[in-house]
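In: For reference, the sequence and a predicted model appear below.
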Amino acid sequence: MIRNLLAKFAIISLAVVATTSFAEAHASLDSASPAVGSTVSSSPGQVTLRFTEGLEPKFSGAQVHNSAGARVDTGSSVSGSTMRVGVKNLGPGAYTVEWHALSVDTHKTQGSFTFHVGK
């Protein structure tokens, strides 16, 4: 009887740990276009960020800055796990994308990356 109780307790404990681990996942940046660290030959029409989880649109966003720190985006929008950032016509140079995300499971993440336009 004690052996059966211990076996049931072990199964329940594993289920709780598995559920807790799944619920604590965060929305991480999965991919971007232009790609992180890449060089594109001409100005992209927008920057697209794809995340590993769905995002809360009201609490997620991004900005794009040039090497002088000036903002060169026209705003961001979120649909599902994809964030899009409109950009002005970008000249040659380095650009930094700074993003923040609130996943649908209420975990916050943030990050940044660069890409280059031109040679």
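Out: Perfect, thanks for sending it. Numbering: from 1, shown residues only.
In: Could you pull up the residues touching Val40?
Out: Going by Cβ atoms under 8 Å, 6 or more residues apart in numbering, Val40 touches Pro34, Phe115, His116, Val117. For glycine as for every other residue, the C-beta is placed from the backbone atoms N, C-alpha and C.
In: pLDDT (mean, whole number) over stretch 30-46?
Out: Averaging pLDDT along stretch 30-46 yields 97.
In: List the buried residues for that stretch?
Out: For stretch 30-46, a neighbour-count test (16 or more other Cβ atoms under 10 Å) marks Ala32, Pro34, Ser43, Pro44 as buried.
In: out of those residues, who's nearest Ser81?
Out: The closest of those to Ser81 turns out to be Ala32 (Cβ to Cβ; 12.6 Å).
In: Quick check, pLDDT for the residue lying closest to Ser79 once chain neighbours are set aside.
Out: Once flanking residues are discounted, Ser79 sits nearest to Pro57: 7.5 Å by Cβ to Cβ, 6 or more residues apart in numbering. Note for Pro57: predicted pLDDT of 96.
In: check contacts around Pro57.
Out: Pro57 touches Ser77, Val78, Ser79, counting by Cβ under 8 Å, 6+ apart.
In: so the closest residue to Pro34 other than its chain neighbours is in which element?
Out: Nearest residue to Pro34, sequence neighbours excluded (Cβ to Cβ, 6+ apart): Phe115, at 4.2 Å. Element membership for Phe115, per DSSP states H and E: strand 108-117.
In: if we can go back for a sec, number of residues surrounding the residue nearest to Pro34?
Out: By other Cβ atoms under 10 Å, 21 other residues sit near Phe115.
In: partner residues bridging it?
Out: Phe115 has these beta-bridge partners by DSSP bridges: Tyr95.
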